[in-house]
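Novice: sequence first, predicted model second:
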Amino acid sequence: MHVSIVGSGYVGTTIAACLADLGHEVVNVEIDEDIVATINAGEAPIHESGLEERIAEHAGTNLRATTDYAAVRDTDVTFLCLPTPQADDGSLDLAVMRAGAESLGRALATKNDDHLVVVKSTVLPGTTEDVVGPILEDESGKHVGDDLELAMNPEFLRMGTAVTDFLEPDKVVVGATSDDAAATLRELYAPILSREETDLVETDIREAELIKYANNAFLASKVSLVNELGNIAKAYGADAYEVLEAVGLDDRISERFMRSGLGWGGSCFPKDVDALRAGAREQGYDPALLDAVVAVNDAQPRRLVDSLAAHVDLEDARITVLGLSFKPGTDDIRKSRALDVIEYLQDRGAAVVAYDPVAMENVRPMYPDVEYAESATDALADADGAVVATDWPEFDDLAFGGMAQRVVVDGRRIDVDETELDVYEGLTW
Ligand SMILES: NC(=O)c1ccc[n+]([C@@H]2O[C@H](COP(=O)([O-])OP(=O)(O)OC[C@H]3O[C@@H](n4cnc5c(N)ncnc54)[C@H](O)[C@@H]3O)[C@@H](O)[C@H]2O)c1
Ligand SMILES: O=c1ccn([C@@H]2O[C@H](COP(=O)(O)OP(=O)(O)O[C@H]3O[C@H](CO)[C@@H](O)[C@H](O)[C@H]3O)[C@@H](O)[C@H]2O)c(=O)[nH]1
């Protein structure tokens, strides 16, 4: 099938490379010329396991990128993978989606055949049919249900494991305006849907849109609940990880997403939970539980810094922050809890030295007064204390001998040889 993908960020690039891998003819339409040039050179514009080799294999054959929207006319289906960020008040900002839909609609105006447009971006119920659809109709002169079909196909991939998550998902959710649209997506995803482990959920567009938010709200709430239970466990002198491991053996609860600590960050949970809260309020519902989920999450970085301050006078102290990305396996720092930790440390007068295997260049412009080290060991040299903000595997079994004061507060439960340290404290254990 001929597929165009509008937006070549984390999602658009991943699904383009994966769909090319499944044998489709894929073109990425992206406004950023650097990203276009990178993909056409056979390289990955983002750090994501398994992506670089797939782009290298398919670029120039069945994968290409362009800034020219006209490319969509030679395709059967277009995925909109544009960002859906937060406005200042936390609500969903659709400006980029509107702009992308306008450009796409204009390009489709001179396409003679029918076209299917699939919204992949995370959007609140009603956006696909009431915002994107009308813009496409106005700009293209085509009509939904006639020569233009709409579908909503939310994406559940996680950063760091994006390629395998996309190719081996638990579920594919398709909300469509017609049986034809759903059939096209079934055909496109046939190799994925043939997996026994992958369920296909066919539903209406509004439900597909909300399934994505409900999924993220559930997972974010689970981690906040786990953090609240972790904070309570620690107050009792109990180990939250032992407690929750046992709780997770209950099938109804599950062992996954049970790691307490510094809380959730990233480009999705924070903005999606906020958009759902704002959307709920707009609909006249007060989302008290989701408000608390955010409050618990926002408190964890300060708790980490307070724990360190109980052992180290932070004024003028040299403090190491291990890990900057919002989770291991990615260079994405959006809403990373590590950034809150840096700010709280600096507020209290500490000089921060940071290390992350891949995310330092993304943080440097935001925090030019932080010292960036070449390795975790360098970062720890002469430090008066350290905090663990991201559970990168390379932090397991670190040597802490070079620290001036061997005090470590761990927000992520890495493997530490405690005998090497004077103080080792876990945030929730
Ligand atoms: N990142 C994830 O893990 C993830 C997972 C599932 C769903 N989502 C959702 O998918 C959507 C995209 O997320 P992302 O993380 O890939 O965003 P991103 O910011 O990484 O990428 C978006 C890309 O769109 C490009 N762009 C902006 N305006 C454009 C235009 N008018 N025409 C063409 N290209 C344009 C940008 O230059 C950028 O490269 C969001 O709704 C997000 O919530 C993200
Ligand atoms: O037990 C856990 C699991 C996760 N986290 C934190 O939660 C955040 C999010 O982690 P994860 O869900 O693995 O990463 P994302 O890439 O943000 O993926 C989420 O957001 C994506 C964008 O919507 C969805 O597609 C995915 O299904 C959803 O898991 C990170 O800061 C993690 O450190 C914990 O603190 N404890």
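Specialist: Noted; the coordinates are in hand. Ligands and ions are numbered 1, 2, ... in the order given.

Novice: secondary structure class for the residue in the stretch 301-429 of the chain that ligand 2 sits nearest to?
Specialist: Nearest to ligand 2, among the residues of the stretch 301-429 of the chain, is Lys327, at 4.0 Å (C-beta to the nearest ligand atom). (Each C-beta comes from the backbone N, C-alpha and C, glycine too.) With DSSP: H, G, I helix; E, B strand; the rest coil as the basis, Lys327 sits in coil.

Novice: and for Gly401?
Specialist: At Gly401 the chain is in coil, as set by three-state DSSP.

Novice: stretch 197-205: which residues count as buried?
Specialist: Neighbour counts over stretch 197-205 (16 or more other C-beta atoms under 10 Å) mark 203, 205 as buried.

Novice: please begin residue numbering at 51 from this point
Specialist: OK, 51 is where the count begins now, so the last one is stretch 247-255.

Novice: returning to what we had before: just the pLDDT at the residue of the stretch 351-479 of the chain closest to ligand 2, thanks.
Specialist: Note on Lys377: pLDDT of 96.

Novice: check contacts around the residue in the stretch 301-450 of the chain that ligand 2 sits nearest to.
Specialist: Nearest residue of the stretch 301-450 of the chain to ligand 2, counting by C-beta to the nearest ligand atom: Cys318, 2.8 Å away. The contact partners of Cys318, by C-beta atoms under 8 Å, 6 or more residues apart in numbering, come to 172, 266.

Novice: what's the domain layout of the protein?
Specialist: 52-253, 273-348, 349-476 (automatic domain parsing).

Novice: got phi/psi on the residue of the stretch 301-450 of the chain closest to ligand 2?
Specialist: Backbone torsions of Cys318, given as degrees, to the nearest 10, read phi -120, psi -60.

Novice: what's the answer for Gly110, then?
Specialist: The phi/psi pair for Gly110 (degrees, to the nearest 10) is phi 90, psi -20.

Novice: and Ala359, by the same measure?
Specialist: The phi/psi pair for Ala359 (degrees, to the nearest 10) is phi -60, psi -20.

Novice: quick check: the gap between the residue in the chain positioned nearest to ligand 1 and ligand 2.
Specialist: Relative to ligand 1, the nearest point of the chain is Gly59 (1.7 Å; C-beta to the nearest ligand atom). Using C-beta to the nearest ligand atom, to the nearest Å, Gly59 is found at 12 Å from ligand 2.

Novice: what's the answer for Asp249, then?
Specialist: Applying C-beta to the nearest ligand atom to Asp249 and ligand 2 gives a distance of 15 Å.

Novice: with adjacent residues omitted, what lies nearest to that residue?
Specialist: Closest residue to Asp249 apart from its sequence neighbours, by C-beta to C-beta, 6 or more residues apart in numbering: Lys221 at 4.5 Å.

Novice: number of nearby residues for that neighbour?
Specialist: Lys221: 13 surrounding residues under other C-beta atoms under 10 Å.

Novice: for Ser357, same thing?
Specialist: That count, for Ser357 with other C-beta under 10 Å as the rule, works out to 19.

Novice: go ahead and confirm it touches Thr478.
Specialist: No - contact criterion C-beta atoms under 8 Å: Ser357 and Thr478 do not qualify, at 10.2 Å.

Novice: so what sits against both of these two?
Specialist: With C-beta under 8 Å, 6+ apart, Ser357 and Thr478 have no common neighbours.

Novice: and the residue located most distally from the centre of the chain, how far from ligand 2?
Specialist: Using C-alpha atoms, centre = their mean, the residue of the chain lying farthest from its centre is Asn162. It sits 37.0 Å away. Relative to ligand 2, Asn162 is positioned 36 Å away (C-beta to the nearest ligand atom).

Novice: and of the domains of the chain, who's closest to Tyr263?
Specialist: Evaluated with C-beta to C-beta, the domains of the chain place domain 273-348 nearest to Tyr263, the distance being 4.6 Å.

Novice: you'd agree Gly176 is up against Ala258?
Specialist: No - using C-beta under 8 Å, Gly176 and Ala258 do not qualify as a contacting pair, with a distance of 11.8 Å.

Novice: and the stretch 201-350 of the chain, which of its residues are near ligand 2?
Specialist: 205-209, 266, 269, 273, 307-309, 311, 313-316, 318-319, 322 (C-beta under 6 Å from any ligand atom).

Novice: inside helices: which ones of the residues you listed?
Specialist: Secondary structure from DSSP state H places 266, 269, 273, 319, 322 of these in helices.

Novice: all the strands of the protein, residue numbers only.
Specialist: 52-56, 75-79, 113-116, 127-130, 165-169, 198-202, 221-226, 249-253, 368-372, 401-405, 421-422, 435-438, 457-460, 473-476 (DSSP state E).
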